[in-house]
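> Return a 3D structure for these sequence lines:
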Amino acid sequence: MAIIVVHNPITDPYFNIALDTWLVREAPFDAQYLMLWQNQPAVIIGRFQNTHEEVNVDFARSHEIAIVRRMSGGGAVFHDLGNLNFSMVVPTDGYSFNDYAAFTQPVIDTLAHYGVSTELSGRNDVLVNGHKFSGNAQYRTTSRLLHHGTILFDADLAMVSQILTVRPDKLHSKGIKSVRSRVTNIRPYLPGNVTLDDFRRTLLGAIAKHNGGIADHWSLNETQISAVRKLQQDRFNQWDWNFGASPPFNLLGRERFPQGELDVRLYVAHNIIEHLNLPALKGGDSGGTTVAASRVVRPWE
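Numbers count the residues shown, from 1 in each chain. Here you go, the predicted structure:
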C-alpha cells in the first residue's frame, strides 16, 4: 500500500506529539501515513516512565525545554531542530507490533546511500560505529500501528548529556528506565555537502520505496488542526499527563546538620506525596519522633 505523506511544518513539541497520536487514532483515510517532522528543544519521555527519574527538570525549566510524555513506551529522548523525526501509521493487519526491523530498514538504506554502514541493535536502536543515532518506539490501537523514530542529524549533544542527567536524589521507581547509550550525530559520517534537507529527501525516497511509493501529499485542514489542538490542550499540555502520570516512586533525601543527620523518605503516587516519614535526627541530642503524613496534596514539581 502506497503512503500518504503528511506535511507538518510546525515545531511545537506539544502539538507534534498530539498530532502523532491523532494520526494513529483519527486520520481519515484507509491508508499508510508518513510524517517527517522536527521539534523545538524538548524531552520526549516514554508512556511508562518517571519524569523526575529521566529528566533534569530544573535544567529543563531554566532553559525553556519542553517535557512531553508520548503514548508509546520506550526511553526518554532529546529533540531539537538538529534532530529529524519520522512517524509511520500503518494498518495492524500488515505489521507485527514490536517489528522494528521493517521500519528502520529505510533508515539503514538511507545511510548506505551515502556510504555509511549502520545496524539495528537490540530491539529498537540504530547504531553507527557502536554509537546510537536513532531510537524508535511503537503504539497501537485496534486497527492501526504507530511507529516513530528519531534521527540525530546535527543535534546539540552537550544539551543531551545535561537534560537527561537527573538530580542526585535517590529515586526508586516502578517506571521503565531509559538505557543510557553513547549517542552520536550522523552528520559527521556523511559527505561534507549533505544538508538536513538532502537527508530528509533521501529518507523519504527510501521509505516510499519500501512501501509501494507515494500515493499523495496531504496537509491537515483547519478543522483537523483544531482537533489536534484540542487533544494537545486536553492531554499533552497538561501537568497531570506529563508529570502526574509518572509511576509511583520512593524518594530518599539525606542532609547533615550540626544537630545530626536528617533522613526524609517520601512515597509519591500520581506526583502527589502520599506518605512522608520524618525520623529523628541521627547522631544528635534531640529525641525526635517519626512523623507519617498521608495524602498530602502537593504537586511534586
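
> List the contacts of the nearest residue to R144 once chain neighbours are set aside.
Among residues not flanking R144 along the chain, V24 sits closest, at 4.9 Å (Cβ to Cβ, 6 or more residues apart in numbering). All C-beta atoms are positioned from the backbone trio N, CA, C, and that covers glycine. By Cβ atoms under 8 Å, 6 or more residues apart in numbering, the residues touching V24 are 71, 89, 139-141, 144-146.

> hmm, which of these are the buried ones?
Neighbour-count burial within the contacts of V24 applies to 71, 89, 139-140, 144-146; the criterion is 16 or more other Cβ atoms under 10 Å.

> buried ones in stretch 59-74?
The neighbour-count check on stretch 59-74 (16+ other Cβ under 10 Å) flags 59-60, 65-72, 74 as buried.

> secondary structure element for the residue nearest the centre of the chain?
The centroid of the chain falls nearest to I44 when counting by Cα atoms, centre = their mean (2.8 Å). Element membership for I44 (DSSP states H and E) is strand 42-45.

> So for the next helix or strand after that strand, mean pLDDT?
Using DSSP H and E, the next helix or strand after strand 42-45 towards the C-terminus is helix 51-54. Averaging pLDDT along helix 51-54 gives 86.

> continuing past helix 51-54, what's the next helix or strand?
helix 57-62.

> Please export the C-alpha coordinates of that following helix as PDB.
C-alpha atoms of helix 57-62 as PDB (Å, rounded to 0.1, in the frame of the first residue of the first chain):
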ATOM      1  CA  VAL A  57      13.600  19.100  35.400                       C
ATOM      2  CA  ASP A  58      15.300  22.200  36.900                       C
ATOM      3  CA  PHE A  59      17.600  22.400  34.000                       C
ATOM      4  CA  ALA A  60      14.700  22.000  31.500                       C
ATOM      5  CA  ARG A  61      12.800  24.800  33.100                       C
ATOM      6  CA  SER A  62      15.700  27.200  33.200                       C
END
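
> hmm, who's touching whichever helix or strand comes after that helix?
Moving toward the C-terminus from helix 57-62, the next helix or strand (DSSP H and E) is strand 66-69. With contacts defined as Cβ under 8 Å, 6+ apart, strand 66-69 is touched by 13-14, 17, 39-47, 49, 51, 55, 57, 60, 236, 241-243, 245.

> Apply 7 Å and report the result again.
Taking contacts as Cβ atoms under 7 Å, 6 or more residues apart in numbering, the residues outside strand 66-69 that touch it are 13-14, 17, 42-45, 47, 51, 55, 60, 236, 241-242, 245.

> just stretch 145-160 next, same as before
20, 24, 72, 77-80, 82-90, 92, 95, 97, 103-104, 107, 133-140, 183-187, 196, 199.

> quick one: low-confidence parts of the chain?
165-181, 246-257, 259-301 (pLDDT under 70).

> where along it do the helices fall?
Assigned by DSSP state H, the chain shows helices spanning 13-26, 51-54, 57-62, 101-113, 157-163, 196-210, 222-231, 239-242.

> Redo those helices as a markdown table? Include distance to N129.
Shown next, in a markdown table, are those (distance: least, Cβ to Cβ, whole Å):
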| stretch | distance to N129 |
| --- | --- |
| helix 13-26 | 29 |
| helix 51-54 | 26 |
| helix 57-62 | 29 |
| helix 101-113 | 11 |
| helix 157-163 | 15 |
| helix 196-210 | 18 |
| helix 222-231 | 38 |
| helix 239-242 | 34 |
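
> For I3, which of those helices is the nearest?
helix 196-210 (6.2 Å; Cβ to Cβ).

> list the contacts for T184?
So T184 contacts 128, 131, 133, 152 (Cβ under 7 Å, 6+ apart).

> try it again with 8 Å
128-129, 131-133, 152, 157.

> and those, which are buried?
Among the contacts of T184, the ones that count as buried by 16+ other Cβ under 10 Å are 128, 132-133, 152.

> thinking again about what came up before, quick one: which of the helices of the chain is nearest Q32?
When those are compared (using Cβ to Cβ), the closest one is helix 196-210, at 9.8 Å.

> still on that earlier bit, quickly check the contacts of T184 for the two that are furthest apart.
N129 and L157 (14.8 Å).

> What ranges does the stretch 51-200 of the chain have for its strands?
Taking DSSP state E, counting those that start in this stretch as the test, the strands found in the stretch 51-200 of the chain are 66-69, 77-79, 83-91, 119-121, 125-128, 131-140, 144-152, 170-173.
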